[in-house]
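> Give me a 3D structure for the following:
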Amino acid sequence: MIIAIDGHSSCGKSTIARALARRLNISYVDSGAMYRAVALFCLKKGIDPMDPVHVVQALPGIHLKILPSLPVRIELNGEDVTDEIRNPEVSKWVSEVAAISEVRREMVRLQREFGHNNSLVMDGRDIGSVVFPEADFKFFVTAEPEIRARRRYRELQEKGIQVDYDEILSNLLHRDHLDSTRSDSPLVQTKEAILIDTSHLGFEEQLQLVLQYIQKS
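Numbers count the residues shown, from 1 in each chain. You can find the predicted model right below:
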């Protein structure tokens with residue numbers, strides 16, 4: 001069984017996906033973490049994320065491993081970078097890296113490879129539209145930008161990361177624009193995807209709503 005959850009940044013889709021995987025006892029894959037790991041690699045190596053030629057040249061040296069535990073862990077060249085990829089500097093550049101067609105092709109290949117061998121919940125931007133167009137269930141999660149920014153602000157504050165709310169909001173809007181307008185695999189709600197607006201829903205309400213759709217089938 002493949003469950004695809006797409007949506008905007010910081011709308012809660014990863015939280016829903018993790019809980020859903022736990023409830024259904026299947027694997028969870030955060031596809032965005034893979035793009036974040038590529039962005040982190042570039043930043044560490046001094047590669048300009050806005051330079052697609054050098055980013056693509058770096059791909060053979062990037063080896064990712066998804067550990068489908070809960071919480072999910074991701075390794076970059078043998079190093080656990082699960083926490084490091086959530087840093088604001090990585091968030092700033094991940095959409096630019098994810099817009100590069102060669103990067104997307106390699107990540108999609110890895111995602112499909114994992115899906116061929118496992119029942120899973122995968123969240124991202126193009127899971128239902130590109131990675132698994134024949135997914136058993138598709139959801140599109142969104143929320144108002146200001147609410148998403150406040151959630152992200154609180155999350156980073158709780159981790160001890162000092163951030164500016166206005167900067168977070170600006171970054172979210174910038175990422176929304178890039179994700180929705182890129183030429184390769186833009187963020188879209190497919191006609192089969194069920195819309196879940198989390199703006200005014202508590203977490204348990206969000207999870208129960210998704211479960212209701214699955215259990216109806």
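> Could you look up the SS state of the spatially most central residue of the chain?
Ranked by distance to the mean C-alpha position of the chain (Cα atoms, centre = their mean), the top residue is Gly32 at 2.9 Å. State at Gly32, reduced to three classes by DSSP: H, G, I helix; E, B strand; the rest coil: helix.
> mind showing which ranges of the protein have poor pLDDT?
Within the chain, the stretches with pLDDT under 70 are 68-71.
> Which stretches in this protein count as strands?
Assigned by DSSP state E, the chain shows strands spanning 2-7, 27-30, 64-67, 73-76, 79-80, 120-124, 137-142, 194-197.
> what packs against the first one?
Counting contacts by 3 or more Cβ pairs under 8 Å, 6 or more residues apart in numbering; DSSP states H and E, strand 2-7 is packed against helix 13-24, strand 120-124, strand 137-142. For glycine as for every other residue, the C-beta is placed from the backbone atoms N, C-alpha and C.
> What of the fourth one?
With contacts defined as 3+ Cβ pairs under 8 Å, 6+ apart, the secondary structure elements packing on strand 73-76 are helix 31-44, strand 64-67.
> Relative to Val130, which of these is closest?
Nearest to Val130 among those is helix 31-44 (10.4 Å), distances taken as Cβ to Cβ.
> can you list contacts of that closest one?
Residues from elsewhere that reach helix 31-44, judged by Cβ atoms under 8 Å, 6 or more residues apart in numbering: 14, 47-49, 55, 58-59, 61-62, 64, 66, 72, 74, 76-77, 81-82, 84-87, 89-91, 93-94, 96-98, 103, 107, 110-111, 122-125, 127, 131.
> try stretch 57-69
Identification of contacts with stretch 57-69 by Cβ under 8 Å, 6+ apart yields 27-29, 33-34, 37-38, 41-42, 45, 47, 72-78, 102-103, 106, 110, 114, 118, 120.
> Can you turn the buried part of these into a ChimeraX selection?
In ChimeraX syntax, the buried subset of the contacts of stretch 57-69 is picked out as below (16 or more other Cβ atoms under 10 Å):
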select :27,28,29,33,34,37,38,41,42,47,72,74,76,103,106,110,114,120
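> For Asp48, what are phi and psi?
Taking degrees, to the nearest 10, you get phi -70, psi 120 for the backbone angles of Asp48.
> CSV please, covering the strands of the chain and showing distance to Arg182.
Shown next, in CSV, are these (distance: least, Cβ to Cβ, whole Å):
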stretch, distance to Arg182
strand 2-7, 14
strand 27-30, 20
strand 64-67, 21
strand 73-76, 23
strand 79-80, 29
strand 120-124, 13
strand 137-142, 17
strand 194-197, 21
